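Participant: using only what follows, build the 3D model:
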Amino acid sequence: MAFAVQAPTSRPVSPIGAPVAVTVRLERARTVVVLQGEADLSATPLLSDVFARMIATRTGDVIVDMAAVEFIDTAAFRTLAIAHGLLARRDRRLTFRGPSRPTGRLLSLFGLSGFIEPDAPDV
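Facilitator: Residues are numbered from 1 along each chain as shown. The predicted model follows:
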């Protein structure tokens, strides 16, 4: 079962990107959260809601696919770091797939660079 959530269309969109869109799907026994567009401070309520529902209703490890992220700020990363901690307390793992080089640097700043998946073929 997959679900998709889009940020409200009333949110101003910068000329360089689109508001964040989040899709959640299953991949084998893991949940994949696909982020697309711009994840900034205005996206944190949406991200928090998606992760809270996913943590409460699903089991297994979680992958955050960041290949289509155009921009992400520290507020959105803080949400990811909190989700990482909540999952770790439940003996579940959160990993990151396909981050850009700048996104990888932010993962490093948050102490999460060790959770970047090695490049692998699509499943």
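
Participant: can you tell me how far V22 sits from D49?
Facilitator: 9 Å (CB to CB, to the nearest Å). From N, CA and C alone the C-beta is placed, and that goes for glycine too.

Participant: so the two - more neighbours on which side?
Facilitator: Shown here are V22 and D49; by other CB atoms under 10 Å, V22 has more neighbours (23 against 12).

Participant: right, and that one touches T31 too?
Facilitator: No: V22 is beyond contact range of T31, at 11.9 Å (criterion: CB atoms under 8 Å).

Participant: can you report phi and psi for L112?
Facilitator: Phi and psi for L112, reported as degrees, to the nearest 10, are phi -110, psi 10.

Participant: that one contacts R78, doesn't it?
Facilitator: No: at 11.1 Å, L112 does not count as touching R78 under the criterion of CB under 8 Å.

Participant: any common contacting residues for those two?
Facilitator: With contacts defined as CB atoms under 8 Å, 6 or more residues apart in numbering, no residue is shared by L112 and R78.

Participant: more neighbours: which of these two?
Facilitator: Ranked by neighbour count (other CB under 10 Å), L112 and R78 place L112 first, with 20 against 15.

Participant: who's in contact with that one?
Facilitator: So L112 contacts L80, A81, H84, F96 (CB under 8 Å, 6+ apart).

Participant: this protein: strands as residue ranges?
Facilitator: 3-6, 21-27, 30-39, 62-72, 94-97 (DSSP state E).

Participant: turn those into JSON lines, including mean pLDDT.
Facilitator: Shown next, in JSON lines, are the strands of the chain (pLDDT from 0 to 100):
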{"stretch": "strand 3-6", "mean pLDDT": "47"}
{"stretch": "strand 21-27", "mean pLDDT": "92"}
{"stretch": "strand 30-39", "mean pLDDT": "94"}
{"stretch": "strand 62-72", "mean pLDDT": "95"}
{"stretch": "strand 94-97", "mean pLDDT": "96"}
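
Participant: winner for burial among the ones you listed?
Facilitator: strand 30-39 (a mean of 22; mean count of other CB atoms under 10 Å).

Participant: buried residues in the longest helix along the chain?
Facilitator: What stands out as the longest helix in the chain, according to DSSP state H, is helix 74-89. Within helix 74-89, the residues that count as buried by 16 or more other CB atoms under 10 Å are A76, F77, T79, L80, A81, A83, H84, L87.
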